[in-house]
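Asks: Please find the sequence and the predicted model below.
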Amino acid sequence: MILRDVTDADLPIFFEHQRDPEAQRMAAFPAREHDAFMTHWRTRVLIPENVTRTIVVDGRVVGYVGSWGQDGRRFVAYWVGREHWGKGMATQALSKFLEHERVRPLHAWVAVHNTGSIRVLEKCGFRKEAHENPPGEDGVEEVLMSLESSPRGENNPR
Ligand SMILES: CC(C)(COP(=O)(O)OP(=O)(O)OC[C@H]1O[C@@H](n2cnc3c(N)ncnc32)[C@H](O)[C@@H]1OP(=O)(O)O)[C@@H](O)C(=O)NCCC(=O)NCCS
C-alpha cells in the first residue's frame, strides 16, 4: 500500500465510492450529486490547509484518507470502496497517514452505529472522548474519538 497525492483522475472513483448506499448508511453521510461532489473536492478538500492522500494498493485506487482543521481542532476522515472492505485497508491506511500527520490531539466524529470505523480508529490508538447528546439535527448520534500524543510520542497501534 502507498499513500500519494490525489489526482483529478481519482475523483470519479471517490465519487462512486460515496454513492454506495451501504457506505452512506455507515457514514451517515448523504451522497453528493456529481457536480456538487467535484466542486466540493476541488474547492474545499484539495486545498493547502488540508492533507488528503489517495490509498493505492497493487496499483489500484481503493480510497482516501485525509485531515482538516475545524473550530480550532484537527480531524481525520477516510473512505474505502466497498469492494475492498474487510481486508484491513482502512486500518493500514490510517496508520500510515498518522506517521505523516503529526498534529495531536487528532479527532474524528463517527456515527455510533459505524462499528467498523470506530474499530479502525481504536486500532490506531483513538479513544472515545464524548458523545453528541442529544443527536444533531440530522438525528444521527455521533461519538467524538480522539488520538492524544502518547508519552513516547507514538500512536500505539495495536
Ligand atoms: C469503515 C471503513 C473505513 C472500514 O474499512 P475496512 O478497510 O473494511 O476496515 P478494516 O478492514 O481495516 O477493519 C478494521 C476493523 O473493523 C472491523 N470492521 C470493518 N467493517 C466492519 C463492519 N461493517 N462491521 C463491524 N466491524 C467492521 C474489522 O473486522 C476490523 O476489526 P478486527 O481487526 O477487530 O477484526 C469502510 O467500511 C468505509 O469506508 N465505509 C464507508 C465510509 C465510512 O464509514 N468512513 C468513515 C467515516 S467516520
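Replies: Looks like it came in fine. Note that the structure is predicted; figures quoted are calculated from it, not measured.

Asks: need the longest helix for the chain.
Replies: helix 89-100 (DSSP state H).

Asks: what's the distance between that one and the middle of its chain?
Replies: The chain centroid and the centroid of helix 89-100 are separated by 10 Å under CA atoms, centre = their mean, to the nearest Å.

Asks: buried set for it?
Replies: Met89, Ala90, Thr91, Gln92, Ala93, Leu94, Ser95, Lys96, Phe97, Leu98 (16 or more other CB atoms under 10 Å). Heads up, the C-betas are built off the backbone N, CA and C, glycines and all.

Asks: List the contacts of the fourth one.
Replies: Spelled out, that is Gln92. Listed by CB atoms under 8 Å, 6 or more residues apart in numbering, the contact partners of Gln92 are Met1.

Asks: Which pLDDT value does the model give the residue in the chain that the ligand sits nearest to?
Replies: Residue of the chain nearest the ligand, by CB to the nearest ligand atom: Gly116 (2.5 Å). pLDDT, Gly116: 97.

Asks: got it, and the one 4 residues further on?
Replies: With respect to pLDDT, Val120 has a value of 98.

Asks: same thing with Val61?
Replies: Looking at Val61, the pLDDT reads 98.

Asks: If you rank every helix and strand of the chain by mean pLDDT, what lands last?
Replies: Least confident element among the helices and strands of the chain, by mean pLDDT, DSSP states H and E: strand 127-131 (a mean of 89).

Asks: Give me the contacts around that strand.
Replies: Contacts for strand 127-131 (CB under 8 Å, 6+ apart): His107, Val112, Ile118, Glu141, Glu142, Val143, Leu144, Met145, Ser146, Leu147, Glu148.

Asks: so does stretch 98-113 get close to the ligand?
Replies: Yes. Stretch 98-113 reaches the ligand (CB under 6 Å from any ligand atom) through Ala108, Val110.

Asks: Tell me which residues of that stretch come out buried.
Replies: Leu98, Glu101, Val103, Leu106, His107, Ala108, Trp109, Val110, Ala111.

Asks: Residues contacting that stretch, please?
Replies: So stretch 98-113 is contacted by 3, 26-28, 51, 67, 73-77, 117-118, 121, 124-126, 129, 131-132, 140-149, 155 (CB under 8 Å, 6+ apart).
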